[in-house]
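Participant: Quick one: sequence and predicted model below, then my questions.
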Amino acid sequence: QVQVVESGGGWVQPGGSLRLSCAISGGSLDSLIVGWFRQAPGKERERVGASSWAGKNTYYADSVKGRFTISRDNAKNTVYLGMNDLKPEETAVYFCGVSRLGSALAMSVQNVEYWGQGTQVTVSS
């Protein structure tokens, strides 16, 4: 059973930076697809980016390209989402999602197998 735990959310001023963590346990980590998603109040959950565990392919939403980066620490079984130049409209609960099948390119809310509990990110002055 794969378990997913996010951490690192908080409050930041516009233009600021945060790094979220997604600790993953259980299963065969080498074959996992890991994605970051976010859900703002009153809106649907959307994909921010996704990466294969091996890190060969990483994809980002157009709105975050050049500002957000997905990275990993294999020794800690942890995937990170580095976020720079944050905007107030990016206030949301950020989720880590994991799938054993599929591809990072095709990862979506609908095909995530395991979700974390989410971590709140608030961008405000």
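Facilitator: Received, thanks. Residues are numbered from 1 along each chain as shown.

Participant: Show the low-confidence segments of the protein, by residue range.
Facilitator: Filtered on pLDDT under 70, the chain yields the residue ranges 27-29.

Participant: Could you pull out the strands in it for me?
Facilitator: Per DSSP state E, the chain carries strands over the ranges 3-7, 10-12, 18-25, 33-39, 46-52, 58-60, 68-73, 78-83, 92-99, 114-115, 119-123.

Participant: can you pull the contacts of Thr119?
Facilitator: By Cβ atoms under 8 Å, 6 or more residues apart in numbering, the contact list for Thr119 reads Glu6, Ser7, Gly8, Gly9, Leu20, Val93, Tyr94. Bear in mind the C-beta positions are built from the backbone N, C-alpha and C, glycine included.

Participant: residues contacting the most centrally placed residue in the chain?
Facilitator: Nearest to the geometric centre of the chain sits Trp36, at 2.1 Å (Cα atoms, centre = their mean). Listed by Cβ under 8 Å, 6+ apart, the contact set of Trp36 reads 20, 22, 47-50, 68, 70, 81, 94-97.

Participant: Could you rerun that using 10 Å?
Facilitator: Trp36 makes contacts with 6, 20, 22, 47-51, 60-61, 64, 68, 70, 79-81, 83, 94-97, 107, 116, as judged by Cβ atoms under 10 Å, 6 or more residues apart in numbering.

Participant: What of Phe95?
Facilitator: Taking Cβ under 10 Å, 6+ apart, we find Phe95 in contact with 4, 6, 20, 22, 35-39, 45, 47-48, 109, 112, 115-119.

Participant: and with 6 Å instead?
Facilitator: Residues in contact with Phe95 (Cβ atoms under 6 Å, 6 or more residues apart in numbering) are Phe37, Trp115, Gly116, Gly118.

Participant: which among the residues you listed end up buried?
Facilitator: Neighbour-count burial (16 or more other Cβ atoms under 10 Å) is assigned, among the contacts of Phe95, to Phe37, Gly116, Gly118.

Participant: and which of those residues is nearest Gly26?
Facilitator: Gly116 (12.9 Å; Cβ to Cβ).
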